[in-house]
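Undergrad: Got a predicted model here, sequence first, then my questions.
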Amino acid sequence: MNVSLILCTRNRRDILIHNLELFIDQFNIGDEIIIVDSSDRPREIGREDFGEVKPNIRYFHTLPGLPLQRNYGIARATCDLVMFLDDDIYLFPASLEKIRLFFIKRPEIDAITGALSERVLPSTFTRILQYAFGKLFFTSYFGKMSLTLGGLPILALDSYKEHPASFLRGGFSVYRRYVFADICYDEYFKDYAYLEDTDFSHQFNKKFKACFFDGFRGFHAHVSTIQRDQSNYRKQYVVNYVHIYRKHELGSPLKMNWVLLGLLLLNLIKSCLEKNFSFFKGTLAGIEQVYKNK
């Protein structure tokens with residue numbers, strides 16, 4: 001099976017090239033790498049940036065927006081499998097061959113996500129807190145790759161073994177190409193596009209079947225949202241979540257408000273622990289915007 005890798009990037013040319021160099025030798029003749037760049041000052045990336053390589057490398061420049069860029073790449077993919085990796089992720093050795101074999105042996109599976117090792121993980125205390133809030137308020141926590149009763153992602157750590165999945169990481173997933181004849185990424189999501197993969201997972205689950213495959217392994221080498229002021233990210237998270245909840249009719253307004261209360265309380269605790277109240281302020285601003293535009 002051949003593979004179309006879609007790499008969406010913006011203003012991070014050196015990071016993309018550095019990480020891709022670490023695993024580009026896993027690609028064969030017949031595979032392709034599609035780079036969809038929305039940089040302010042684009043510079044083409046091609047085979048000459050990597051020396052002697054087997055896959056075809058195709059470069060495109062588009063307007064910014066992660067869902068828009070992914071859809072642009074999907075429309076140009078020609079291979080059996082379509083893989084998405086964030087530009088700050090690299091694959092572990094032999095991962096691509098294991099992925100090909102998995103799809104050959106498991107024809108009933110339409111997509112996979114995998115075991116992604118993170119450069120930075122929350123502390124044990126924070127993970128316990130997230131788990132407690134997730135069970136009580138249906139917010140996100142770590143567990144088998146799935147969705148909470150509120151429709152938010154449950155994320156599997158890299159130590160988890162193969163299991164059915166109902167949540168697919170946007171920047172670490174592989175699909176049979178026919179999936180995209182029926183669904184696409186929602187271009188409502190702008191900027192950092194928080195939860196765009198949650199929306200896509202809700203679409204996917206209505207028609208298709210996915211798996212967490214522990215042979216699909218990678219490392220998240222760069223943390224893109226570490227900065228002191230988290231208010232815009234937290235606001236986006238809330239506004240995007242409400243869009244998903246209403247779009248997919250995930251339940252009553254009462255349940256949605258319960259989830260929003262959980263997010264507010266969780267980010268208040270996080271703000272106190274980290275002495276950084278932008279987490280709480282951003283969440284509150286998101287909730288205020290939701291009710292203002294109700």
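TA: Arrived safely, thanks for sending.
Undergrad: Tell me the secondary structure of D214, please.
TA: On the three-state scheme (DSSP: H, G, I helix; E, B strand; the rest coil), D214 is labelled strand.
Undergrad: which residues does it contact?
TA: G114, A115, Y160, K161, E162 (CB atoms under 8 Å, 6 or more residues apart in numbering). In this view, the C-beta of every residue, glycine as well, is placed from N, C-alpha and C.
Undergrad: In JSON lines, list those residues along with pLDDT and secondary structure.
TA: Below are these laid out as JSON lines (pLDDT from 0 to 100; DSSP: H, G, I helix; E, B strand; the rest coil):
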{"residue": "G114", "pLDDT": "98", "secondary structure": "strand"}
{"residue": "A115", "pLDDT": "98", "secondary structure": "strand"}
{"residue": "Y160", "pLDDT": "97", "secondary structure": "coil"}
{"residue": "K161", "pLDDT": "97", "secondary structure": "coil"}
{"residue": "E162", "pLDDT": "98", "secondary structure": "coil"}
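Undergrad: Now for P42, how many residues are close by?
TA: P42 has 16 neighbours, counted by other CB atoms under 10 Å.
Undergrad: list the contacts for N205?
TA: Going by CB under 8 Å, 6+ apart, the list of residues near N205 reads L147, S166.
Undergrad: Let's see that with 7 Å instead.
TA: S166 (CB atoms under 7 Å, 6 or more residues apart in numbering).
Undergrad: how close does it sit to F167?
TA: 9 Å (CB to CB, to the nearest Å).
Undergrad: next one: P64
TA: In terms of CB to CB, P64 sits 25 Å off from F167.
Undergrad: more neighbours, these two?
TA: F167 (27 against 16).
Undergrad: In which helix or strand does the more buried one reside?
TA: Using DSSP states H and E, F167 sits within no helix or strand.
Undergrad: Hmm, R169 is touching L195, no?
TA: No - counting by CB atoms under 7 Å, R169 stays clear of L195, with 11.6 Å between them.
Undergrad: Can you pull out the low-pLDDT segments for this structure?
TA: 223-227 (pLDDT under 70).
Undergrad: what ranges do the strands span in it?
TA: Under the criterion DSSP state E, the chain carries strands at the ranges 3-9, 32-37, 56-61, 81-86, 89-91, 111-118, 141-142, 146-147, 153-155, 163-165, 172-176, 210-220.
Undergrad: chain center to the last one, what's the gap?
TA: Using CA atoms, centre = their mean, to the nearest Å, we find the averaged C-alpha position of strand 210-220 to lie 13 Å away from the chain's own average C-alpha position.
Undergrad: That strand to strand 172-176, inter-axis angle?
TA: 140 degrees (axes from the mean of the first three to the mean of the last three CA atoms, to 10 degrees).
Undergrad: cool, and the third one?
TA: Computed with the same axes, to 10 degrees, the direction of strand 56-61 lies at 110 degrees from that of strand 172-176.
Undergrad: Okay, now the sheet partners of strand 56-61, with direction.
TA: Sheet pairing of strand 56-61 (DSSP bridges) gives strand 32-37 (parallel).
Undergrad: Alpha carbons of the partner strand, in CSV - could you do that?
TA: Below are the C-alpha coordinates for strand 32-37, written out as CSV (Å, rounded to 0.1, in the frame of the first residue of the first chain):
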residue,chain,number,x,y,z
GLU,A,32,4.2,11.0,-1.8
ILE,A,33,4.7,13.8,0.7
ILE,A,34,2.4,16.8,0.3
ILE,A,35,3.5,19.9,2.1
VAL,A,36,0.7,22.5,2.5
ASP,A,37,2.4,25.7,3.7
